[in-house]
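**Student:** Predicted model follows, preceded by the sequence.
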Amino acid sequence: MDRRIGTLEIVPASGRPDLLAAPVRSAIEGLLSSAGVGVVAIDPDLADTAAFCERYGVGLDESANCVVVAGRREGTTRLAACVVFATARTDVNGVVRRILGARKASFASMDVAVAESGMEYGGITPVGLPSDWPLLLDSRVGAHPRVVVGSGLRTSKLVLPGAALASLPGAQVVEDLGQPLRGVSGG
């Protein structure tokens with residue numbers, strides 16, 4: 001693994017459990033120990049993707065966002081996580097709604113996302129999410145050699161191969177899950 005990303009030094013995630021939310025620590029210990037998972041410490045005020053990328057010199061085309069979506073049908077709500085690069089938006093009302101078989105889909109509220117994931121808002125990551133959640137991963141993320149995602153905390157980010165994300169339990173690689181943002185290139 002390259003030891004730097006932007007201006008940040010990458011260290012093995014297994015050596016810095018203090019930089020990982022509890023469910024993320026468990027997932028890394030159990031599932032990803034050999035996948036080259038690194039972690040970088042950051043200022044929690046810069047955890048939001050745009051601020052993080054600008055401050056630390058990391059490309060939007062290697063920084064992925066993980067959002068929690070609530071799909072509803074006939075009074076039942078099903079949560080899922082969606083991961084797309086920062087250069088794209090998640091197609092919630094098209095691709096995600098169809099995959100979940102939902103009549104209506106929207107971003108989960110902050111309170112629900114935090115309570116159900118066990119992670120901090122602004123740091124939610126696909127690593128360590130509840131095993132019964134579908135994990136929808138844009139195909140470009142799954143194919144990328146190095147992806148930056150949350151760590152479950154706002155004080156750090158994970159750096160790992162997209163293939164490691166694609167190998168997570170419940171992961172489903174989806175073509176065109178992320179739709180390009182206007183005026184943003186990459187991804």
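**Tutor:** Yep, it's here. Residues are numbered from 1 along each chain as shown.

**Student:** residue boundaries of the helices in the chain?
**Tutor:** Secondary structure of the chain (DSSP state H): helices at 22-30, 49-56, 97-100, 110-117, 139-143, 162-166.

**Student:** got those as a markdown table, with mean neighbour count and distance to Arg4 columns?
**Tutor:** The C-beta positions use only the backbone N, C-alpha and C, and glycine is treated the same way. Listed next are the helices of the chain as a markdown table, based on neighbours: other Cβ atoms under 10 Å; distance: least, Cβ to Cβ, whole Å:
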| stretch | mean neighbour count | distance to Arg4 |
| --- | --- | --- |
| helix 22-30 | 18 | 20 |
| helix 49-56 | 17 | 10 |
| helix 97-100 | 18 | 36 |
| helix 110-117 | 16 | 29 |
| helix 139-143 | 20 | 21 |
| helix 162-166 | 21 | 19 |
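
**Student:** Spatially nearest residue to Ser156 (excluding sequence neighbours)?
**Tutor:** Distance criterion Cβ to Cβ, 6 or more residues apart in numbering; nearest residue to Ser156, sequence neighbours excluded, is Leu19 at 3.9 Å.

**Student:** Among the helices of the chain, single out whichever gets nearest to Ala86.
**Tutor:** helix 49-56 (4.7 Å; Cβ to Cβ).

**Student:** Dump the C-alpha coordinates for that closest one into PDB.
**Tutor:** The C-alpha coordinates for helix 49-56 follow below in PDB (Å, rounded to 0.1, in the frame of the first residue of the first chain):
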ATOM      1  CA  THR A  49     -15.900  15.200   1.700                       C
ATOM      2  CA  ALA A  50     -15.400  18.500  -0.100                       C
ATOM      3  CA  ALA A  51     -13.600  20.100   2.800                       C
ATOM      4  CA  PHE A  52     -11.500  17.000   3.400                       C
ATOM      5  CA  CYS A  53     -10.400  16.700  -0.200                       C
ATOM      6  CA  GLU A  54      -9.600  20.400  -0.500                       C
ATOM      7  CA  ARG A  55      -7.600  20.600   2.800                       C
ATOM      8  CA  TYR A  56      -5.700  17.300   2.400                       C
END
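
**Student:** what sits up against that helix?
**Tutor:** With contacts defined as Cβ atoms under 8 Å, 6 or more residues apart in numbering, helix 49-56 is touched by 5-8, 40, 42-43, 45-46, 58-60, 63, 65, 86, 157.

**Student:** Among the residues you listed, name the buried ones.
**Tutor:** Buried members of the contacts of helix 49-56, counted by 16 or more other Cβ atoms under 10 Å: 5-6, 8, 40, 42, 58, 60, 63, 65, 86, 157.

**Student:** nearest to Leu136, of the residues you listed?
**Tutor:** Asn65 (12.4 Å).

**Student:** Report the residue spans of this protein with pLDDT below the cut-off.
**Tutor:** 1-2, 30-35, 183-187 (pLDDT under 70).
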